[in-house]
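[1] Pasted the sequence and its predicted model underneath.
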Amino acid sequence: MEKEAKIYIAGHRGMVGSAVSRKLTKEGFTNVVTRTSAELDLRDQAAVAAFFQKEKPDYVFLAAAKVGGIVANNTYRADFLYDNLMIESNILHQSHVNGVKKLMFFGSSCIYPKLAPQPLKEEYLLTGLLEPTNEPYAIAKIAGIKLCEAYRDQYGANFIAVMPTNLYGYNDNYHPENSHVLPALIRKFHEAKTENKPSVEIWGTGSPLREFMFADDLADACFLLMETYNEKQFVNVGVGEDISIKDLALLIKRVVGYEGELRFNTDKPDGTPRKLMDVSTLKRLGFKPSVSLEAGIVLAYQDFLGKEVGK
């Protein structure tokens, strides 16, 4: 990407989009275009067309999406499918129409079959059934991958797609019901600490293994891919290591400084036993994450505390 190029970040206020924005600023890119959801409804075909015709961005990071945890995904199934299909369809099509040089689409590791072998390789896509609770979101993200491939096949568009692992970091969502496991645990332990609760409940047995990546490491990886990768095959983005939910909880407990006990509610589901990304492609390109899980949790907790103060 040329330093003077106009770059549009869709979803710049979210965790992923804001991390990309920080990375671009750090690398000396100043011609960055953004719009809040109040300024531009990405589900509105005419509005997105008018925006692209006016701004004519050279490069696009498509990080905008309707996102949430298991409860939200399972409750608002139509919204998750419709909103995400409309967002990606409008942006991808207008990027093609308006001659965008390169676009990056952000997917999700939930695109893989529920019972796919571990670690998850890119070629496992569409080889089995999806996890039912977030199937609408996963289908929307798979459609985004296939749209990128189709515009490349038919028009030669340089649209690439990345599939991040579980992310956390600045501007995360700490909602008690709609957040993902790591930020949810940060909130749980913090509230238990401030309210002097004797224990914190953890869903399931604590045995499932999950992979976590700091969002700014994701932004570093995606910048590298935008600079060097131009292939049809989407790319997994992760750290290549996982941790049990129990050990994650103990780590967060230590960072937060909570003194009480962990109580595992085995009446609640564990979910998939393991979810680890194969990141061979990323490693071949020379990427290594720089933020350890413990250091990242310290930064995320500081971010959470800032939000608490600003309430």
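    On my side now, so go ahead.
[2] Chain neighbours aside, what residue packs nearest to residue 127?
    If you skip the residues right next to it in sequence, residue 127 has residue 113 as its closest partner in space, 5.7 Å away by CB to CB, 6 or more residues apart in numbering. To be clear about C-beta, it is placed using only N, CA and C from the backbone, and glycine gets the same treatment.
[3] again, but for residue 4
    The spatially closest residue to residue 4, leaving aside those adjacent along the chain, is residue 31, at 6.1 Å (CB to CB, 6+ apart).
[4] got a list of what that neighbour touches?
    If a contact means CB atoms under 8 Å, 6 or more residues apart in numbering, then residue 31 has 4, 5, 6, 7 as its contacts.
[5] Inside strands: which ones of those residues?
    The strands in this structure, assigned by DSSP state E, contain residue 7 from the contacts of residue 31.
[6] Show the buried residues in the contacts of residue 31.
    The neighbour-count test (16 or more other CB atoms under 10 Å) applied to the contacts of residue 31 identifies 6, 7 as buried.
[7] Any chance of CSV for the contacts of residue 31, columns pLDDT and distance to residue 130?
    Supplementary listing: these in CSV, determined by pLDDT from 0 to 100; distance: CB to CB, whole Å:
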residue, pLDDT, distance to residue 130
4, 95, 42
5, 97, 37
6, 98, 37
7, 98, 33
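[8] Could you work out the most separated pair of the contacts of residue 31?
    Of all pairs drawn from these, the widest gap by CB to CB lies between 4 and 7 and measures 10.2 Å.
[9] So what does residue 60 look like in phi/psi?
    Note on residue 60: backbone dihedrals following degrees, to the nearest 10 are phi -130, psi 130.
[10] Test my guess that residue 303 contacts residue 169.
    Yes. Distance between residue 303 and residue 169: 7.3 Å, which falls inside the contact criterion (CB atoms under 8 Å).
[11] Neighbour count: the two, which is higher?
    Set side by side, residue 303 and residue 169 show more neighbours around residue 169, with 25 against 19, by other CB atoms under 10 Å.
[12] Neighbours of the closest residue to that one other than its chain neighbours, how many?
    Sequence neighbours aside, residue 215 is the residue nearest to residue 169 in space, at 3.4 Å (criterion: CB to CB, 6+ apart). By the measure other CB under 10 Å, the count of residues near residue 215 is 27.
[13] wait, residue 215 sits on residue 16?
    Yes. Using CB under 8 Å, residue 215 is in contact with residue 16, at 6.1 Å.
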